[in-house]
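**Student:** Below is the structure, and that's it, no one-letter string:
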């Protein structure tokens, strides 16, 4: 975790993928107990990953990672269930147990993220798409858009923050 | 968008990890306190007899009390801005200023004749205390809430209320250098009302701005 947070892309990407795999079963269990369909589980996984990314400075390096990850996943799962009309979200204790048992990810086409990306300005949307869907590097994206790499990084960071805020805003 | 695609975008943003939350919060509190202090010095200033007052127990006790509020409130606020931390028994730390004040009041009641009690309670500056402590707490409270937006509190309203207590601690420390009412009877009557109002404002702000 410490290495992954040091700023290198490869270990960080690995960590996020691991976390995604680890939180998915807990979210699925919470959804099935609330009698919600499976269709939105991946949205909650993605929302959790975005929150983990945007809030990663709140992890205390002296503490274990799993309680921190499960607290964020639980928070986002409860939020998502409330949004879907579940009045009383049961306390979710499953996350810790599931963290040890990863499972394969779902293929997932049209998602909340994609819908929320409509709210970004065109340039920001272009940058996020370019790096995520088209798998271009920061430098390739910078060259294509005639921007500096720093400007692309800043725009990407702002876009991700804006996505987090847009997700939050869909709650009410 | 597939989760792996999102992860690509997130990992491309791996480098932009801001300064630590503790650093941000402490900086915010310091900046807010400086603004309050500057306005305070320009508008009111410390009481003229402060050098003499500093040698009296009652005057010094006011600062012991405000610091006993500020420190636990700030530490708790910082801890609770992490997602996995629940409040629990740590909230007992907030009893420190209450116990301190209660002991001071008991000693005051035992040593001051009862016909002076009411005069000590009302003092001369109660209206100042009720209005100025909340006013001077606004800059640190605003700065704290802004900094805490980077946090991920499990209980946003409680975290906001603690920010309010910390801001009130700063403000009361500043105001107490001007106030000439030093009796614990005065302090225990008026300061908690102001502090409670600021904590309520902080709770409201927390609910509004600290959810994530």
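**Tutor:** Done, it's in. Since the structure is predicted, the reported quantities are computational estimates derived from the model, not experimental observations.

**Student:** which residues does residue 58 contact?
**Tutor:** By default, I'm working from chain A. Taking CB atoms under 8 Å, 6 or more residues apart in numbering or on different chains, we find residue A:58 in contact with A:68, B:21, B:81, B:82, B:83, B:150, B:151, B:152. Where C-beta positions appear, they are placed from N, C-alpha and C, glycine not excepted.

**Student:** actually it's chain B I care about, not the one you picked
**Tutor:** For residue B:58, the contact set (CB under 8 Å, 6+ apart) comprises B:182, B:183, B:184.

**Student:** out of these, which one sits closest to residue A:51?
**Tutor:** Nearest to residue A:51, judged by CB to CB, of these is residue B:184 at 46.3 Å.

**Student:** For burial, what's the neighbour tally of the closest one?
**Tutor:** By other CB atoms under 10 Å in any protein chain shown, the residues close to residue B:184 number 24.

**Student:** Tell me the predicted confidence for it.
**Tutor:** Residue B:184 carries a pLDDT score of 93 in this model.

**Student:** Any regions of the chain where pLDDT drops low?
**Tutor:** The chain I'm using is chain A. For chain A, residues meeting the criterion pLDDT under 70 lie at A:87-110, A:171-172.

**Student:** picking up where we left off before, secondary structure and distance to residue B:7 added to the contacts of residue B:58, as JSON lines?
**Tutor:** Below are those laid out as JSON lines (DSSP: H, G, I helix; E, B strand; the rest coil; distance: CB to CB, whole Å):
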{"residue": "B:182", "secondary structure": "coil", "distance to residue B:7": "60"}
{"residue": "B:183", "secondary structure": "coil", "distance to residue B:7": "62"}
{"residue": "B:184", "secondary structure": "helix", "distance to residue B:7": "59"}
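
**Student:** Distance from stretch B:92-104 to the middle of the chain?
**Tutor:** The chain centre lies 15 Å from the centre of stretch B:92-104; the measure is CA atoms, centre = their mean, to the nearest Å.

**Student:** what's the answer for stretch A:27-34, then?
**Tutor:** How far stretch A:27-34 lies from its chain's middle: 18 Å, per CA atoms, centre = their mean.

**Student:** Mind listing what's buried along it?
**Tutor:** For stretch A:27-34, a neighbour-count test (16 or more other CB atoms under 10 Å in any protein chain shown) marks A:27, A:28, A:29, A:30, A:31, A:34 as buried.

**Student:** In a markdown table, list those residues along with secondary structure.
**Tutor:** Formatted as a markdown table, the buried residues of stretch A:27-34 follow (DSSP: H, G, I helix; E, B strand; the rest coil):
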| residue | secondary structure |
| --- | --- |
| A:27 | helix |
| A:28 | helix |
| A:29 | helix |
| A:30 | helix |
| A:31 | helix |
| A:34 | coil |
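
**Student:** quick one: which of those residues is nearest to chain B?
**Tutor:** Using CB to the nearest CB, residue A:27 comes nearest to chain B of those, at 11.8 Å.

**Student:** Tell me which residue lies nearest the centroid of the chain.
**Tutor:** Since you didn't name a chain, this refers to chain A. Geometric centre of chain A, nearest residue: residue A:49, 2.3 Å, by CA atoms, centre = their mean.

**Student:** Not quite, go with chain B.
**Tutor:** Chain B, centroid-nearest residue using CA atoms, centre = their mean: residue B:166 at 2.1 Å.

**Student:** ok, it to residue B:192 distance?
**Tutor:** According to CB to CB, to the nearest Å, residue B:166 and residue B:192 sit 15 Å apart.

**Student:** now do residue B:145
**Tutor:** 22 Å.

**Student:** between the buried residues of stretch A:27-34, which is nearest residue A:164?
**Tutor:** Checking the buried residues of stretch A:27-34 against residue A:164 with CB to CB, the nearest one is residue A:27 at 17.7 Å.

**Student:** That's all I had, so thanks and see you.
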